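Trainee: Kindly generate the corresponding structure for this input.
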Amino acid sequence: KTLGTSAAREETEENIALASQSQALVEEAVTTVRLLTQGPNQQMAPGQKNEAEMTAAGTWTYALGEAKIAVQAAEVERLTEQFDRHTMFAPFDGYVTAELTEVGQWVMQGDPIAEIAELSMVDVEIGVLEDYVARLDVAVVADVEVPSLRGRRFEGSIAVINPQADARSRTFPVKVRVQNEQQGKVPLLKAGMFARVTLAVGDPVAVPLIPKDAVVLSGKTPLVYVVDTDSKTKKSVVRPVPITLGASHGLWVSVGNGEIKDGDQVVVEGNERLRPMQEVRTELREIPYVKEQLVGQNP
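Mentor: Residues are numbered from 1 along each chain as shown. Model prediction:
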């Protein structure tokens with residue numbers, strides 16, 4: 001039978017207080033005995049008890065205090081064991097999403113007590129057609145877009161590929177794991193949200209890659225600023241180029257063919273404040289690229 005947490009805790013604290021009082025009583029008796037047995041001999045006033053009587057009284061009080069301590073210590077141990085036995089501890093930190101019991105309710109071993117959501121990492125479950133599931137593998141990178149967060153994109157990776165197809169949809173359940181972010185004191189990604197997942201399942205193709213920092217998303221369509229340098233005057237100006245974003249991985253994202261040419265220089269810092277044909281001073285920056293990234297595959 002479950003116990004009220006506050007009631008059990010109060011009873012435990014009360015017995016601890018009683019044990020402390022008994023301990024203080026014992027210490028007082030010990031002090032009295034020590035003063036009587038080791039202190040200076042003084043002339044006793046009329047009506048005072050003799051030393052033997054006071055020693056006996058102190059010894060009796062000491063024994064009584066020890067007995068009280070033993071009783072209260074046993075009671076504290078019993079309540080602590082009972083409290084621990086009727087307290088469920090979650091194996092991880094999380095958020096209680098449902099309480100399935102009430103104070104005083106009888107439960108059996110294995111009965112659900114509460115539902116807890118651990119959201120530091122979230123799994124996005126999707127159904128993949130059998131034509132494409134054979135091309136997937138664990139740890140393959142996926143692009144996750146959450147419409148309710150204004151199309152915010154997250155980078156995830158495949159964590160689980162279920163080899164058993166769903167009987168109704170005839171698709172294979174695949175879980176894409178995403179690192180969650182904190183928004184104040186609550187997680188940004190919450191259980192039950194809808195997401196759109198893009199996976200690279202086509203044959204590899206050659207596509208232009210640009211740094212993610214070069215993409216400007218403040219307008220209606222994504223764009224980048226390309227730097228054009230006059231060979232005679234050596235002056236550099238920028239021109240906006242609308243782009244179509246493709247698959248991404250790490251610091252890089254693919255764009256549509258013909259939008260960005262090989263060798264074009266794009267602005268990666270301060271591009272949000274630029275205007276078309278604005279004159280700029282440029283500084284080349286190298287951005288690391290991992291050749292094994294599968295960012296150039298058709299979705």
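
Trainee: Next, name the residue at the spatial heart of the protein.
Mentor: Per C-alpha atoms, centre = their mean, the C-alpha nearest to the average position across the chain is that of residue 120, at 3.1 Å.

Trainee: quick one, phi/psi of that residue?
Mentor: phi -70, psi -30 (degrees, to the nearest 10).

Trainee: And for the one 3 residues further on?
Mentor: Its backbone dihedrals place residue 123 at phi -110, psi 130, with angles given as degrees, to the nearest 10.

Trainee: hang on, the earlier thing: so what's the residue nearest to the centre of the chain up against?
Mentor: For residue 120, the contact set (C-beta atoms under 8 Å, 6 or more residues apart in numbering) comprises 179-180, 187. Heads up, the C-betas are built off the backbone N, CA and C, glycines and all.

Trainee: quick one: it from residue 87, how far?
Mentor: 24 Å (C-beta to C-beta, to the nearest Å).

Trainee: May I ask which of the contacts of residue 120 has the most neighbours?
Mentor: Among the contacts of residue 120, the one with the most neighbours (other C-beta atoms under 10 Å) is residue 187, at 17 neighbours.

Trainee: pretty sure that one is in contact with residue 193, am I right?
Mentor: No. When contacts are counted by C-beta atoms under 8 Å, residue 187 is not listed as touching residue 193 (10.4 Å).

Trainee: And what about residue 153, helix, strand or coil?
Mentor: Per DSSP: H, G, I helix; E, B strand; the rest coil, the secondary structure class of residue 153 is strand.

Trainee: Now do the contacts for it.
Mentor: With contacts defined as C-beta under 8 Å, 6+ apart, residue 153 is in contact with 143-146, 248.

Trainee: Between which two of the residues you listed is the distance greatest?
Mentor: Pairwise distances across these (C-beta to C-beta) peak at 15.1 Å, for the pair 146 and 248.

Trainee: what's the offset of whichever strand or helix holds residue 175 from the middle of its chain?
Mentor: According to DSSP states H and E, residue 175 maps onto strand 172-179. In terms of C-alpha atoms, centre = their mean, to the nearest Å, the centre of strand 172-179 is found 18 Å from the chain centre.

Trainee: and the helix or strand that comes right after that strand, which strands flank it?
Mentor: For strand 172-179, the following helix or strand on the C-terminal side (DSSP H and E) is strand 182-183. If you go by DSSP bridges, strand 182-183 pairs up with strand 186-187 (antiparallel).

Trainee: Please, where are all the helices along the stretch 51-200 of the chain?
Mentor: Taking DSSP state H, counting those that start in this stretch, the helices of the stretch 51-200 of the chain run over residues 51-85, 130-133.

Trainee: Would you single out the least confident of those helices?
Mentor: For the helices of the stretch 51-200 of the chain, mean pLDDT drops lowest on helix 51-85, to a mean of 69.

Trainee: now the contacts of residue 153: which count as buried?
Mentor: 143-144, 146, 248 (16 or more other C-beta atoms under 10 Å).

Trainee: got the residues you listed as a markdown table, with pLDDT and distance to residue 103 columns?
Mentor: Formatted as a markdown table, the buried ones among the contacts of residue 153 follow (pLDDT from 0 to 100; distance: C-beta to C-beta, whole Å):
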| residue | pLDDT | distance to residue 103 |
| --- | --- | --- |
| 143 | 89 | 47 |
| 144 | 93 | 41 |
| 146 | 93 | 38 |
| 248 | 75 | 51 |
